[in-house]
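Novice: Below: sequence and its predicted model.
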Amino acid sequence: MAGADDNDGLLVTGCFRSGTTLLEKLLHNHPQVSVASQPCPVLYHYTKEVFLEGLGLERRYALDHLFGEDGYRNEDFAAFLESCAFDDARLATLFERLRNYGVGLWTPEVFQVTDRIEPGTFLDVFLGLQRALGTLFGKDDARWFGSKEIVAEEYAPFLVGHGSRVVIIVRDPRDVITSLSFRQRDNQTGNQRPILFSARAWRKSVAFALSCEGHPNFATLRYEDLVADPAGELAKLTEWLAIDPYPAAVLGGEIRDQNGELWRGNSSFQDRVGVTAQGRGGFESIMPPDVAEYVEAICGPEMRALGYERKSDRGIDRELLAGFREPFAVDHAAFSPDYSHSAERVAAELHRAELLAAPDRPDEAELRRWFLDPRAWTRLRAR
């Protein structure tokens, strides 16, 4: 059974199009760190599905944005992870589903090591997988063994509480949605989803970052700070991980992928070599002004908490929410065309804004339902 004393696991996560891959590559370029690129997304989806099935709950996605969730608390999920057992049958199901996963599995070499993963708890499987993956990259003696998986933020409280390290990277939501929904080439994120869904997914990242803030096993950073000062931001991470400083050749040169090949980025617009700030603020010339105003309104409290400057002072109001229309056809089967401006969701966003402005502390259940963790509500109120 794995424990905090022998824990060398690392999870890099965040919302889609937030710089998780850049951070993963930079961390893996450190001699003492091994980070695989999305080697087992099914581990997080499947484990959450087992949890939901046990409660008799059906959800659009196992790893959804969580806003409005009233079927369970984050503490309930953490308690489930404590006792979640992966026996031979469950491991077989996990890896069979991984074989059929398709787009989103960026380290197919994982199948070279799946037979090394032994039955145990979720934490045992998580750590065993990270360590086994390190051998694929010739990093058997690394100090930290990890992987990058997107939208897995709800695992952060459990993992940091058991000695693993978790880092969440966040990015300006306007650039996230520009990269996701106004892309000029395929970025493997699927069909068009509603703007509100993407904004809520971004807010989920921020909520878990705020709720884990201050824990010694947790770190968060902004994409904008990383590309503006990679040496400075990476120095903070090496100190946090208690490892040697980055070699000068890594900081000043090209980025290599896990196979030693030159990494040209995964931009939605063009190839990029090395760390560049070209992806920062791109929304200004691409995102329609009405979409930017809408995103700034529904993400405003989180943007202020993270230090992102808004272009508009307009806050949440019914006219803005009900009048918003997608700038594209929503062609994703999981969403209705009126997702962002439906009466139900307009009312939910207005209610959330009211909770944030309430003179007295709202009911704990309401705080969890609309801010995921009461600590996030407290931090957003402070701004």
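Specialist: Sure thing, it's come through.

Novice: can you count the residues close to D175?
Specialist: When neighbours are defined as other Cβ atoms under 10 Å, D175 has 23 of them. Backbone N, C-alpha and C define where each C-beta goes, glycine included.

Novice: What of A248?
Specialist: Counted with other Cβ under 10 Å, the neighbours of A248 add up to 9.

Novice: elements contacting the longest helix anywhere in the chain?
Specialist: Ranked by residue count under DSSP state H, the longest helix found in the chain is helix 195-212. Judged by 3 or more Cβ pairs under 8 Å, 6 or more residues apart in numbering; DSSP states H and E, helix 195-212 is in contact with helix 156-161, strand 165-170, helix 173-181, strand 218-222, helix 289-298, helix 300-306, helix 374-381.

Novice: For stretch 198-209, what is the distance to the chain centroid?
Specialist: The chain centre lies 8 Å from the centre of stretch 198-209; the measure is Cα atoms, centre = their mean, to the nearest Å.

Novice: Restrict it to CA atoms and write it as CSV.
Specialist: Only the C-alpha atoms of stretch 198-209 are listed here, as CSV (Å, rounded to 0.1, in the frame of the first residue of the first chain):
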residue,chain,number,x,y,z
SER,A,198,-16.1,26.0,-21.6
ALA,A,199,-16.2,28.9,-19.2
ARG,A,200,-17.5,26.7,-16.4
ALA,A,201,-14.8,24.2,-17.1
TRP,A,202,-12.2,27.0,-16.7
ARG,A,203,-13.8,28.1,-13.5
LYS,A,204,-13.5,24.5,-12.2
SER,A,205,-9.7,24.7,-12.6
VAL,A,206,-9.7,28.0,-10.7
ALA,A,207,-12.0,26.7,-7.9
PHE,A,208,-9.7,23.7,-7.2
ALA,A,209,-6.6,25.9,-7.4
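
Novice: which residues are in contact with that stretch?
Specialist: 14-16, 18, 65-67, 151, 153-154, 156-157, 168, 170, 173, 176-177, 180-181, 220, 295, 298-299, 302, 305-306, 371-373, 376 (Cβ atoms under 8 Å, 6 or more residues apart in numbering).

Novice: on that earlier part again, out of the helices and strands packed on helix 195-212, the one nearest L22 is which?
Specialist: Judged by Cβ to Cβ, the one of those that comes nearest to L22 is strand 165-170, at 8.1 Å.

Novice: Could you list the paired strands of the closest one along with their orientation?
Specialist: For strand 165-170, the paired strands and their directions (DSSP bridges) are strand 9-13 (parallel), strand 218-222 (parallel).

Novice: okay if I get those strands as TSV plus mean pLDDT and mean neighbour count?
Specialist: Formatted as TSV, the strands paired with strand 165-170 follow (pLDDT from 0 to 100; neighbours: other Cβ atoms under 10 Å):
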stretch	mean pLDDT	mean neighbour count
strand 9-13	99	25
strand 218-222	99	20
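
Novice: Same list as before, these that is, but in a markdown table and with distance to A132 included.
Specialist: Formatted as a markdown table, the strands paired with strand 165-170 follow (distance: least, Cβ to Cβ, whole Å):
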| stretch | distance to A132 |
| --- | --- |
| strand 9-13 | 12 |
| strand 218-222 | 24 |
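
Novice: The stretch 51-200 of the chain: strands as residue ranges?
Specialist: Using DSSP state E, counting those that start in this stretch, the strands of the stretch 51-200 of the chain run over 85-86, 120-121, 144-148, 165-170.

Novice: okay, those strands, which one's buried deepest?
Specialist: strand 144-148 (a mean of 27; mean count of other Cβ atoms under 10 Å).

Novice: And R272, what's its pLDDT?
Specialist: Per-residue confidence at R272 stands at 55 (pLDDT).

Novice: Next: the one 10 residues further on.
Specialist: In the predicted model, G282 carries a pLDDT score of 85.

Novice: Can you report how many residues neighbour it?
Specialist: 18.

Novice: same deal with E364?
Specialist: Count around E364 with other Cβ under 10 Å applied: 11.

Novice: Verify the stated contact: it with W377.
Specialist: No. E364 is not in contact with W377 according to Cβ atoms under 8 Å; the separation is 9.7 Å.

Novice: End to end on stretch 25-36, go ahead and measure it.
Specialist: 9 Å (Cα to Cα, to the nearest Å).

Novice: got the residue ranges for the helices in the stretch 51-200 of the chain?
Specialist: Along the stretch 51-200 of the chain, counting by DSSP state H, counting those that start in this stretch, helices occupy 74-83, 88-99, 122-136, 156-161, 173-181, 195-212.

Novice: try the stretch 251-383 of the chain
Specialist: Counting by DSSP H, counting those that start in this stretch, the helices of the stretch 251-383 of the chain are 283-286, 289-298, 300-306, 318-323, 343-357, 364-371, 374-381.
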